[in-house]
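Student: Sequence first, then the predicted structure:
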Amino acid sequence: MTTTKTGCEVVTLADGARAIRDCGNGEVMHCGTGPAVEPDAIYVGPSRLDARLAEGGASLVLFDVGLGAASNALAAWQVSEAAPPGARHLELVSFDNEVLALELALLPENLASFGLVDPAARAAVRGLLLHGHHETARTSWRLVLGDFPHSLALEPLGAADIVFWDLYSSRTNPLLWTVALFQSLRRACRDGATLHTTSTSTSARTSMLLGGFAVGASVGTGSRDETTIASTHHHALQAPLGARWLERLGRSSAAFGSDVLDGAGALATVRGLPQFQ
Ligand SMILES: C[S@@+](CC[C@H](N)C(=O)[O-])C[C@H]1O[C@@H](n2cnc3c(N)ncnc32)[C@H](O)[C@@H]1O
């Protein structure tokens, strides 16, 4: 059965998983294999969150960009809660401009589909909604409500170690996929940070490259052949974009984000980046 809350509804995917659809733009969150699979497969696994926490040392800061129903954030929260003694503290910062999807996931009939049967997980997201933050011995979770570019400008520079980039597509919101926004995000990242996203679009990848990230292919899941990982260093990438991707970029009719006015100049800049030498 489909349940709705103004602006969002629960839909059933082809494989039977339930997911949340934004009624305004038609986009479905975790539309490939659903919220039980994609958070681990695309975000938590490739970010090596468990290994990075287990290294010990200073807190690890994770920017969860696009809280939605909190499926990505909860998957990270659970890894942190289960981390061994001596592991780094996780500072989880979730960004969104509304909480409708999370409120919909919290309806009793939706708890099981959205990983909210566990009372501790439910208490964490309820605390986040009520107070804007939730703390345990292992994990601090903070909610930043507002338009992401504005919210990002208020975050300290050089803070984020991991970014889960799960906003709507550039078709729905081109302003969230510009070079300028990735430049700001790069400044908010610490050296060694990685960014994880499902988008493999050429213009999304060129915005990240021109924004100062090295960019590579990451694992696929379900019907997705691959996803995207970006990093502050191309040496850190297992499968950096290379000559074949550059060749395709040269032929693309939608190569750049909406803030690139000089396509030829941008193409030359991308070709000159260290990862393509
Ligand atoms: C694909 S969904 C995120 C799904 C989520 N990561 C999850 O695990 O359930 C995209 C989210 O981005 C949020 N969003 C869209 N535009 C935004 C903006 N300008 N600023 C902040 N958040 C925005 C939407 O409200 C939506 O919750």
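Tutor: Yep, it's here.

Student: Point me to the residue of the stretch 1-150 of the chain nearest the ligand.
Tutor: residue 68 (2.5 Å; CB to the nearest ligand atom). C-beta coordinates here come from the backbone N, C-alpha and C atoms, glycine included.

Student: mind checking pLDDT for that residue?
Tutor: The pLDDT attached to residue 68 in the predicted structure is 98.

Student: where does it fall, helix, sheet strand or coil?
Tutor: Look at residue 68: counting by DSSP: H, G, I helix; E, B strand; the rest coil, its state is coil.

Student: Same check on the one 10 residues further on?
Tutor: Classification of residue 78 into helix, strand or coil gives helix, according to three-state DSSP.

Student: Please give me every residue in contact with it.
Tutor: Residues in contact with residue 78 (CB atoms under 8 Å, 6 or more residues apart in numbering) are residue 121.

Student: ditto for residue 92
Tutor: Contacts of residue 92 by CB under 8 Å, 6+ apart are 62, 64, 73, 76, 77, 80, 139, 140, 141, 142.

Student: Any buried residues in the longest strand along the chain, and which?
Tutor: Secondary structure of the chain per DSSP state E: the longest strand is strand 189-197. Applying a neighbour-count criterion of 16 or more other CB atoms under 10 Å, one finds 189, 193, 194, 195, 196, 197 buried in strand 189-197.

Student: excluding its backbone neighbours, what's nearest the closest residue to the ligand within the stretch 151-277 of the chain?
Tutor: In the stretch 151-277 of the chain, the residue that lies nearest the ligand is residue 166 (3.6 Å; CB to the nearest ligand atom). Distances taken as CB to CB, 6 or more residues apart in numbering put residue 66 closest to residue 166, at 4.1 Å, once the chain neighbours are dropped.

Student: Phi, psi for the one you found please.
Tutor: Note on residue 66: its backbone torsions stand at phi 100, psi 80 [degrees, to the nearest 10].

Student: mind listing what it touches?
Tutor: Residue 66 neighbours (CB under 8 Å, 6+ apart): 72, 95, 96, 164, 165, 166, 167, 168.

Student: near the ligand, which residues of the protein?
Tutor: Within reach of the ligand by CB under 6 Å from any ligand atom, the chain has these residues: 29, 39, 66-72, 95-98, 101, 147-148, 166-168, 173, 176.

Student: Cross those against helices and list the overlap.
Tutor: Among these, DSSP state H puts 71, 72, 101, 148 in helices.

Student: Output those as JSON lines; include the columns pLDDT and neighbour count.
Tutor: Listed next are those as JSON lines, based on pLDDT from 0 to 100; neighbours: other CB atoms under 10 Å:
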{"residue": "71", "pLDDT": "98", "neighbour count": "28"}
{"residue": "72", "pLDDT": "98", "neighbour count": "29"}
{"residue": "101", "pLDDT": "97", "neighbour count": "24"}
{"residue": "148", "pLDDT": "98", "neighbour count": "21"}
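
Student: so which of those comes closest to residue 246?
Tutor: Using CB to CB, residue 148 comes nearest to residue 246 of those, at 29.4 Å.

Student: do you know how far the closest one is from residue 93?
Tutor: 11 Å (CB to CB, to the nearest Å).

Student: Quick check: end-to-end length of stretch 258-274?
Tutor: Terminal residues of stretch 258-274 lie 24 Å apart, using CA to CA, to the nearest Å.
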